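Q: when you get a sec, could you give me coordinates for this:
(one chain, ligands or ions: 1)
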Amino acid sequence: MVRETRLSPADMIAPLFVRHGSGLREPIPSMPGQYHLSVDELVSDCAGLHALGVPAVILFGLPAYKDEAAAEAYAEDGIVQLGLRAVREAVPDMILITDVCLCQYMSHGHCGVLLDGQVDNDVTLELLAQVAVSHALAGADVVAPSDMMDGRVGAIRGALDGEGLSGTAILAYSAKFASAFYGPFRDAAHSAPQEGDRRGYQMDPANAREALREVELDIAEGADMVMVKPAMPYLDVLRRVRESTQVPVAAYQVSGEYAMIEAAAAQGLIDRRAAVLESLTAIRRAGADLILTYYAGQVAKWLS
Ligand code: PBG
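A: Numbers count the residues shown, from 1 in each chain. You can find the predicted model right below:
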């Protein structure tokens, strides 16, 4: 009764990876217990999560091809668009969120268009807006830009509204740090940059005031919800963001946080269930209204 913070599946968003093909459920080596799912398997996982009380998923796509314009990211028959239509039809109530980024679709693995070896912020905005519109047309309720280009929330809001998609919400990855904890995801999504790193557009882990500024800018541009990412190493940032804004705040327990718990538990060094529940409770206590976590389905089972 005196507990101040509670965990509920209703606060969780499950990240899922979708690929082309059918009947495929391929284990992701860097993230034990997570899979690359073909669309039919994606539908079945979404139905299972929905039945467990997890209201939302965020989709990441593994495209059939990569190029220098990230063409599959905004193709009508792109993998995320196919996944969205199938889940929308089979599990109509599921809240469908999409990660809006170009890195998985770019041959060079950067989150934006490269001009002379540098990511060009403003040219990238046009492509991101196209991606968001194509996700919304395919059934996304919420688009979540994770690229960290300046001005992308405004560009996406403008493009959505221009297409009559004013009901599509934006969850901005506002305070996204240039983190070592994305390592396992980059293996999972085949999205590591071939050259260089993401420090030109993602944030310096040393900066918390800058995070508040990014949040302010994103809200001014039209973000409906904001995110702090990763979660556990940035609980102080999460608390400050929670106190500085009225919009819903999400935190992303990222692939490295997941993989560390899995690896330590597999070696018998920590109690998996206790560590998962403690880490998620700490993220809620720090101020997250919503948590993106690879443990969403697992936790929903434990709590039921
Ligand atoms: C795409 C993106 C990344 C993650 C979410 N969206 C990778 C990155 O920025 O390198 C990381 C998710 C995770 O580590 O679980 N830009």
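Q: CA atoms for contacts and neighbours, from now on please.
A: Will do.
Q: tell me the residues of the stretch 151-300 of the chain that contact the ligand?
A: Proximity of the stretch 151-300 of the chain to the ligand, by CA under 6 Å from any ligand atom, involves residues 182, 185, 186, 254, 255.
Q: tell me the helices and strands packed up against the helix or strand harbouring residue 227.
A: Taking DSSP states H and E as the definition, residue 227 sits inside strand 225-229. Counting contacts by 3 or more CA pairs under 8 Å, 6 or more residues apart in numbering; DSSP states H and E, strand 225-229 packs against strand 169-176, helix 209-221, strand 249-253.
Q: tabulate the ones you listed (a markdown table), appending mean pLDDT and mean neighbour count.
A: Formatted as a markdown table, the helices and strands packed on strand 225-229 follow (pLDDT from 0 to 100; neighbours: other CA atoms under 10 Å):
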| stretch | mean pLDDT | mean neighbour count |
| --- | --- | --- |
| strand 169-176 | 97 | 27 |
| helix 209-221 | 98 | 18 |
| strand 249-253 | 98 | 26 |
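Q: could you list the buried residues of the strand holding residue 227?
A: Buried residues in strand 225-229, counted by 16 or more other CA atoms under 10 Å: 225, 226, 227, 228, 229.
Q: pull up the pairing partners for it, direction included.
A: strand 169-176 (parallel), strand 249-253 (parallel) (DSSP bridges).
Q: name the nearest of the buried residues of strand 225-229 relative to the ligand.
A: residue 229 (8.3 Å; CA to the nearest ligand atom).
Q: can you pull the contacts of the closest one?
A: 173, 175, 176, 177, 251, 252, 253, 254 (CA atoms under 8 Å, 6 or more residues apart in numbering).
Q: make it 10 Å
A: 146, 173-179, 181-182, 235, 237-238, 250-254, 292 (CA atoms under 10 Å, 6 or more residues apart in numbering).
Q: coming back round to it: could you find the lowest-pLDDT member of the residues of the stretch 151-300 of the chain next to the ligand?
A: Of all these, residue 186 carries the smallest pLDDT score, 89.
Q: tell me which residues of stretch 284-303 are tucked away?
A: 284-297, 299-300.
Q: out of the residues you listed, which are inside strands?
A: 290, 291, 292, 293 (DSSP state E).
Q: could you dump these into TSV with pLDDT added?
A: Supplementary listing: those in TSV, determined by pLDDT from 0 to 100:
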residue	pLDDT
290	98
291	98
292	98
293	98
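Q: many thanks, we can stop here.
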